[in-house]
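J.: Following is a predicted model, sequence given first.
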Amino acid sequence: RAAGVEVHFVIYDLLPWTRSEFFPVGARRNFEGWLRTLARVADGVICISRAVADEFLADLEALVDPAARRGTSLKVGFFHLGADLDADVSRRAITAAESEVAGLIPTDMPVVLMVSTLEPRKGYRQALEAFETLWQSDEKVVLAIVGKRGWMFDHFAERLRNHPQWMRRLFWFEGASDGLLQSLYRRANVLLAASEGEGFGLPLIEAAQLGVPLLCRDIPVFREVGGTHAAYFTADSGSQMAGAIRDWLEASTRGGVPLSNGLPWQTWQSSTRQLLDVLLRGDWYARWSPGKRWSFPGFST
């Protein structure tokens, strides 16, 4: 810094601080300490979505210690992640064992796909309750999950493996290759994005690349990424989510659901260019000064 070098940080999300109930004990305290230091020493912060940047700006006043006020404004920007799934498939092609298990998925039922780590904020508990409601009413629909097991979810993982619908209408691919993931995207009738909090939502892009329709929880970042190319739902219970899924399935038979094909996305190369435009060309979203003062430079999405 003494030599004129600027210090910038990338923020993926603020969830350990804003939704600490989804993380192990101590996560919020540690994350808040990092955020406070960042807010004090950083020249700039680049978030992976406009939604995260807005949330960071809204919380900055609470993060900056009044006794250690900044002498200069803090630059805040954002960029979007890339999605180059096709480029990875050749490196991690589908295995024979994966192909055998995937072959058990019924071909006469719609497949609802969820892609993300198994952790509390991702909405899996509510989703499973929703599908149990659907299955109890003899709704012929498959739930396929792709994602590694994360924290605080050992009991849920056992619940999946011991479920009566396991390997019948319920499938979990814990260590899926890129080849299997792409195969499941192609097989899916819809991607269900049930997460209660995200920094971006990369599976929405991956699904849209292959024309898979999107059914998303109505949170700001999914609106930012999915726009008019996705359907949205709100649900406080499994039964409410079951209703949203049932409504979507019925609408899809009439062609009454949004198409994801036109959803804009970028490669990792263009994502990197967007990041460099912020860092090197001054394409900042806002500048923040203590006292809840925001300055928005000329900006275009």
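T.: Alright, I've got the coordinates. A quick note: this is a predicted structure, and the numbers were derived from the prediction, not measured.
J.: Please count neighbours and contacts with C-alpha atoms only from this point.
T.: OK.
J.: low-confidence ranges in the stretch 201-301 of the chain?
T.: 291-301 (pLDDT under 70).
J.: ok, 90 please
T.: Applying pLDDT under 90 to the stretch 201-301 of the chain flags the ranges 267, 288-301.
J.: Can you show me the helices along it?
T.: 202-209, 220-226, 238-253, 268-281 (DSSP state H, counting those that start in this stretch).
J.: would you turn these into CSV with distance to Asp84 and mean neighbour count?
T.: Output for the helices of the stretch 201-301 of the chain, formatted as CSV (distance: least, Cα to Cα, whole Å; neighbours: other Cα atoms under 10 Å):
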stretch, distance to Asp84, mean neighbour count
helix 202-209, 8, 22
helix 220-226, 16, 20
helix 238-253, 28, 17
helix 268-281, 7, 16
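J.: so which of those gets nearest Gly262?
T.: Evaluated over these, closeness to Gly262 peaks at helix 202-209, with 7.9 Å, by Cα to Cα.
J.: So what's the residue count around the residue nearest to Ser20 when sequence neighbours are not counted?
T.: Excluding the flanking residues, the one nearest Ser20 by Cα to Cα, 6 or more residues apart in numbering is Arg28, at 5.6 Å. Arg28 has 20 neighbours, counted by other Cα atoms under 10 Å.
J.: The chain should start at 19 in everything you say after this.
T.: Will do, 19 is the new start, and the previous item becomes Arg46.
J.: Could you verify my assumption that Arg46 touches Pro34?
T.: Yes: the criterion here is Cα atoms under 8 Å, and Arg46 meets it with Pro34 at 5.2 Å.
J.: In a helix, the residue nearest to Ser38, correct?
T.: Yes: checked against DSSP: H, G, I helix; E, B strand; the rest coil, Arg46 lies within a helix.
J.: any idea how far it lies from Ala71?
T.: Separation of Arg46 from Ala71 (Cα to Cα, to the nearest Å): 19 Å.
J.: Break down the stretch 119-268 of the chain into its strands, ranges please.
T.: With DSSP state E, counting those that start in this stretch as the criterion, the stretch 119-268 of the chain has strands at 129-133, 160-164, 188-191, 208-211, 232-235, 249-251.
J.: could you give the mean pLDDT of the helix or strand where Leu53 lies?
T.: Under the criterion of DSSP states H and E, Leu53 resides in helix 45-59. Helix 45-59 shows a mean pLDDT of 90.
J.: For it, name the packing helices and strands.
T.: Using 3 or more Cα pairs under 8 Å, 6 or more residues apart in numbering; DSSP states H and E, the elements in contact with helix 45-59 are helix 33-36, helix 68-81.
J.: so which of those helices gets nearest Gly229?
T.: Nearest to Gly229, of all the helices and strands packed on helix 45-59, is helix 68-81, at 24.4 Å by Cα to Cα.
J.: so how far is the closest one from its chain's centroid?
T.: 18 Å (Cα atoms, centre = their mean, to the nearest Å).
J.: tilt between that helix and helix 45-59?
T.: On the basis of axes from the mean of the first three to the mean of the last three Cα atoms, to 10 degrees, helix 68-81 is oriented at 80 degrees to helix 45-59.
J.: So, low pLDDT: which residues of the stretch 69-218 of the chain?
T.: In the predicted model, the stretch 69-218 of the chain carries pLDDT under 90 at residues 76-91, 100-121, 193-197, 200.
J.: Ser255 and Leu146 touch, don't they?
T.: No: the criterion here is Cα under 8 Å, and Ser255 misses it with Leu146 at 10.7 Å.
J.: higher neighbour count, those two?
T.: Under the criterion of other Cα under 10 Å, the comparison of Ser255 against Leu146 puts Leu146 first, with 19 against 13.
J.: how near is the more buried one to Ala304?
T.: Noted for Leu146: a distance of 40 Å to Ala304, by Cα to Cα.
J.: Then Phe96?
T.: Noted for Phe96: a distance of 10 Å to Ala304, by Cα to Cα.
J.: okay, now Ile112: neighbour count?
T.: 18.
J.: what sits against it?
T.: By Cα atoms under 8 Å, 6 or more residues apart in numbering, the contact list for Ile112 reads Ser195, Asp196, Gly197, Leu198.
J.: mind checking the end-to-end distance for stretch 152-164?
T.: Stretch 152-164 has an end-to-end distance of 20 Å (criterion: Cα to Cα).
J.: before we move on, the earlier item: can I get the strands of the stretch 119-268 of the chain in CSV including distance to Pro276 and mean neighbour count?
T.: Formatted as CSV, those follow (distance: least, Cα to Cα, whole Å; neighbours: other Cα under 10 Å):
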stretch, distance to Pro276, mean neighbour count
strand 129-133, 16, 25
strand 160-164, 21, 23
strand 188-191, 26, 20
strand 208-211, 11, 25
strand 232-235, 8, 24
strand 249-251, 6, 20
